[in-house]
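Asks: Turn this into a structure:
(4 chains)
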Number of protein chains: 2
Amino acid sequence: MVQQAQSTLGDVARAAGVSLATASRVLNGTASVGPALRDRVLRAAELLAYSPNAHAQALARSSSRTVGVICHDVGDPYFAGIARGVMRAANRHDLQVVLGSTFRDPDREVAYTSMMRGHRVRAMLLIGSGFEDRRRQEGLRRELDRYRATGGRVAVISRHRGLRADAVLPENREGAADLARALLGLGHRRFAVLSGPRLLTTVVDRVGGFLEALADAGVTVERKNIVEGPFTRDGGYAAAQRLIDRGLSVTCVFASTDVMAAGALAALRDHGIGVPGDVSLAGFDDIEMIRDLTPPLTTVALPLEGLGERVLELAMLPERAGRARIERVRGRVVLRASTAPVSGI
Amino acid sequence: MVQQAQSTLGDVARAAGVSLATASRVLNGTASVGPALRDRVLRAAELLAYSPNAHAQALARSSSRTVGVICHDVGDPYFAGIARGVMRAANRHDLQVVLGSTFRDPDREVAYTSMMRGHRVRAMLLIGSGFEDRRRQEGLRRELDRYRATGGRVAVISRHRGLRADAVLPENREGAADLARALLGLGHRRFAVLSGPRLLTTVVDRVGGFLEALADAGVTVERKNIVEGPFTRDGGYAAAQRLIDRGLSVTCVFASTDVMAAGALAALRDHGIGVPGDVSLAGFDDIEMIRDLTPPLTTVALPLEGLGERVLELAMLPERAGRARIERVRGRVVLRASTAPVSGI
DNA sequence: CTGAAAGCGCTTACAG
DNA sequence: CTGAAAGCGCTTACAG
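Replies: Alright, predicted model coming up:
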């Protein structure tokens, strides 16, 4: 294949025998141009396989139709669900998406925001949990503040400390509390919790809400029954494993995400512990796959695609002076077969 | 928040009392600059929260560090696995990723390629099955040819008719044949196939390879036992449903993807049909979740993350004159509990 | 309706 | 080592 230069507007204009301005107008439909010239330009563009240089356009217009999306892990089903919504909304708004996957590295998160700032994206979307650690959040906040100071829009899913950005907030605390009450309603009193990393706001909220609701009912969870692990399937497996090693003495296990719950279920099964026969198990998020597990998992359902659409929509709104927009989304407790009433009730 | 203008290299240069050229050199480290000036520039840039305009850079350098990734559905676990690999490799190569999700609409696929051409991405990655239909493929091919004519690189995962691009090719035909032989080895003779849309090359290869290997062993599959459905979990459910409605008369079901298999498993369970007791079930891909199903699914394992890394690596290589690079990846049959020997063997 | 020209924000030979 | 200037490929007032 012989390498040719990509043709430019200049080439098109010359071939059509018109000025740059006219060619530009035809191709953008920004002003009326005589049908004869119009035709010649279109023909020339087609002939030359002209493709407008988006960088030049962005520069000349000083604006672009691009948004940045930053997530923890593109491979996670939680993100996959949300991403579907984001992409759908992006299609609708005719927006290009540049994607960053941080693999949970805060430095990379900052690097991405700064790269996206360089790209002059219209908006940046942060998907997924923030960090509790202020210092950790500091670099990110600086970058985002600079970005917003020049008109950039930021919208996030989940709680991000100190970001003051428009946010779609799954009500993790309340959802977990609802779940706790539902489980109490089934007669459970002895609980274990598979927590994700404590430095994630989502974890703090979910675990906190869960424990609080239990406490309100006079139920406390023993320290040894709160196990921490990575926010992954294998993290859930390992956490459940440790729980089992310590001697499983509860009737119900709450995993702070469905992904962890899936791992926990595998660990329980591998140890011959029946769910819900020997122990009940519940998760959070309602990712697609968990209804196909055996048993299907009880969870707090979040409308993942909807969250994705909403966060993009928020980002497309003009900044609101004063305070950020907060859109709370209440999770819905879905009782499935992985939780059962305590026998003897 | 008061809206300020984003500062430019000119602002930095002025503040530092140097020329544009010097400021540019300092910030890019392209040439040595006296330590005094260097310092003033750095300080000014920091003070002004300077962020180089990536569009201006791309224009001036006439090149950018961006790649385009086009997939069928960001929400699909198959893509999620691959995307993880792509993002990892992109991080390594310091490449930005712009993402397109076609939701299986060929027109949107063309629209994305043309948008990415406009962005002058270094490379375009097409993830997932191509279409068998030549005409359908035509628009895409045109766009890609134009893109490559000007030095653009294209690499794909899976077979795409007539694209002649570098490719990572999962050996779908051989993998499916291997699986068929393994199942024959378990004593199965009566099979059903849950096919995806016939116009996808992946479907043709997998179903074709499977049936061929059976035929080689003198086993044919009745027409009514080949059911077609969308490439989704619900598609798998519906396809299995139809199979059941027709009176399930086989000992083994092959679903052309794991996602479909997961749906099929649910359908079978909902009808009280035991797997593998009443019927064996196998899929293809080895997406993460299927080992957590009950029973865990037999499948042909593809190294999804690896495919993602490889396709990016291929795209970063210079074009090879003459013929495209083809990297074949053999799937590995993994027998899990969803398939059992035929009873009476 | 059409065009000449300035400008978007950089990089990079070319001189010195 | 440093700077003046051309150029990257567009858009868009400003004139006519």
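
Asks: Point out where chain A drops to low pLDDT.
Replies: Low-confidence segments of chain A, defined by pLDDT under 70, are located at A:1-2, A:344-345.

Asks: Show me it divided up by domain.
Replies: What the record gives for chain A is the domain set A:9-52, A:66-170+A:305-329, A:172-301, from automatic domain parsing.

Asks: So for residue B:56, which of those domains sits nearest?
Replies: The closest of the domains of chain A to residue B:56 is domain A:66-170+A:305-329. By C-beta to C-beta, the value is 9.5 Å. In short, each C-beta sits where N, CA and C put it, glycine included.

Asks: how long is that closest one from one end to the other?
Replies: When the termini of domain A:66-170+A:305-329 are compared using C-alpha to C-alpha, to the nearest Å, they are 26 Å apart.

Asks: Quick check: closest non-adjacent residue to the residue positioned nearest the centre of chain A.
Replies: For chain A, residue A:127 is the residue whose C-alpha lies nearest the centre (C-alpha atoms, centre = their mean; 3.0 Å). Spatial nearest neighbour of residue A:127, chain neighbours left out: residue A:71 (4.3 Å); criterion: C-beta to C-beta, 6 or more residues apart in numbering or on different chains.

Asks: hang on, the earlier thing: phi and psi next, for the residue nearest to the centre of chain A.
Replies: With angles defined as degrees, to the nearest 10, residue A:127 sits at phi -100, psi 130.

Asks: Could you pull up the residues touching it?
Replies: Residues counted as contacts of residue A:127 (C-beta atoms under 8 Å, 6 or more residues apart in numbering or on different chains) are A:69-72, A:79, A:82-83, A:86, A:156-158, A:308, A:311.

Asks: at 6 Å instead, please
Replies: A:71, A:82, A:157 (C-beta atoms under 6 Å, 6 or more residues apart in numbering or on different chains).

Asks: measure it to residue B:72 for me?
Replies: According to C-beta to C-beta, to the nearest Å, residue A:127 stands 21 Å off from residue B:72.

Asks: got it, and residue A:239?
Replies: The value you get for residue A:239 to residue B:72, if C-beta to C-beta is used, is 34 Å.

Asks: ok, now residue A:196?
Replies: Distance of residue A:196 to residue B:72, computed by C-beta to C-beta: 30 Å.

Asks: These two: which has the busier surroundings?
Replies: residue A:196 (25 against 21; other C-beta atoms under 10 Å in any protein chain shown).

Asks: who in chain A is up against chain B?
Replies: Counting by C-beta under 6 Å from any C-beta of the partner chain, the positions of chain A adjacent to chain B are A:3-4, A:6, A:49, A:51-52, A:54-56, A:58-59, A:74-75, A:80, A:83-84, A:87, A:96-99, A:101, A:117-119, A:146, A:149-151, A:262, A:266, A:289, A:292, A:294.

Asks: By neighbour count, sort out the buried ones in those residues.
Replies: Among those, the ones that count as buried by 16 or more other C-beta atoms under 10 Å in any protein chain shown are A:6, A:49, A:51-52, A:54-56, A:58-59, A:74-75, A:80, A:83-84, A:87, A:96-99, A:101, A:117-119, A:146, A:150-151, A:262, A:266, A:289, A:292, A:294.

Asks: Let me see the ranges of the strands in chain A.
Replies: With DSSP state E as the criterion, chain A has strands at A:66-71, A:96-101, A:123-126, A:153-157, A:166-170, A:191-195, A:226-228, A:252-255, A:280-282, A:299-301, A:326-329, A:332-334.

Asks: most neighbours per residue, which of the ones you listed?
Replies: Counting by mean count of other C-beta atoms under 10 Å in any protein chain shown, strand A:252-255 has the highest mean neighbour count of those, with a mean of 30.

Asks: what sits up against it?
Replies: In contact with strand A:252-255 (C-beta under 6 Å, 6+ apart) are residues A:183, A:188, A:191-194, A:210, A:236, A:261, A:264, A:279-283.

Asks: for stretch A:102-119, same thing?
Replies: Residues contacting stretch A:102-119 (C-beta under 6 Å, 6+ apart): A:68, A:70, A:72, A:100, A:124, A:136, A:139-140, A:143, A:147, B:51-52, B:54.

Asks: of the residues you listed, list those near DNA strand C.
Replies: By C-beta under 7 Å from any atom of the strand, the members of these lying near DNA strand C are B:51-52.

Asks: what's the closest of the contacts of stretch A:102-119 to residue B:249?
Replies: Ranked by distance to residue B:249 (C-beta to C-beta), those are led by residue A:72 at 46.9 Å.

Asks: check contacts around that closest one.
Replies: Taking C-beta under 6 Å, 6+ apart as the criterion, residue A:72 is in contact with A:102, A:104, A:128.

Asks: Quick one: these as a markdown table, columns for neighbour count and distance to residue B:24 too.
Replies: Formatted as a markdown table, those follow (neighbours: other C-beta atoms under 10 Å in any protein chain shown; distance: C-beta to C-beta, whole Å):
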| residue | neighbour count | distance to residue B:24 |
| --- | --- | --- |
| A:102 | 21 | 30 |
| A:104 | 18 | 35 |
| A:128 | 22 | 36 |
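
Asks: for those, which one is nearest residue A:175?
Replies: Set against residue A:175, the nearest of the contacts of residue A:72 by C-beta to C-beta is residue A:128 (16.0 Å).

Asks: Residue A:214 - nearest residue in space that isn't next to it in sequence?
Replies: Of all residues not flanking residue A:214 in the chain, residue A:180 sits nearest, at 5.3 Å (C-beta to C-beta, 6+ apart).

Asks: quick one: that neighbour and residue A:212 touch, right?
Replies: No: using C-beta atoms under 6 Å, residue A:180 is not in contact with residue A:212; the gap is 8.0 Å.
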